[in-house]
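> can't give you the sequence, but here's the structure:
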């Protein structure tokens with residue numbers, strides 16, 4: 001699935017702000033859960049809430065799996081799916 005640059009940039013902004021990692025360069029291939037120490041289980045919940053607020057959707061628990069947090073790109077794909 002192709003992700004729009006607007007969605008990808010928005011997801012990156014939310015990740016950076018929520019995790020407090022300003023100054024770190026992220027792109028679609030940046031690994032998240034398991035590779036980014038700031039992203040623990042509590043941070044996942046904070047990130048989910050921030051994404052809902054930013055993009056105006058409500059996350060369905062069924063689709064909210066660990067695969068979503070594999071990379072920034074997989075998280076952006078999830079956001080686009082939720083918005084469509």
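Arrived safely, thanks for sending. All figures in this text were calculated on a predicted structure; none of them were measured in a lab.

> so which residue is dead centre in this protein?
residue 75 (4.2 Å; C-alpha atoms, centre = their mean).

> would you list the phi and psi of that residue?
Main-chain torsions, residue 75, degrees, to the nearest 10: phi -70, psi -40.

> that one reaches residue 8, doesn't it?
No - assessed by C-beta atoms under 8 Å, residue 75 is found out of contact with residue 8, at 9.3 Å. Every residue, glycine included, has its C-beta placed from N, CA and C.

> show me where this protein has its helices.
5-19, 41-55, 72-83 (DSSP state H).

> so which of these is nearest residue 28?
Nearest to residue 28, of all the helices of the chain, is helix 72-83, at 3.3 Å by C-beta to C-beta.

> who does that closest one touch, helix- and strand-wise?
With contacts defined as 3 or more C-beta pairs under 8 Å, 6 or more residues apart in numbering; DSSP states H and E, helix 72-83 has these neighbours: helix 5-19, helix 41-55.
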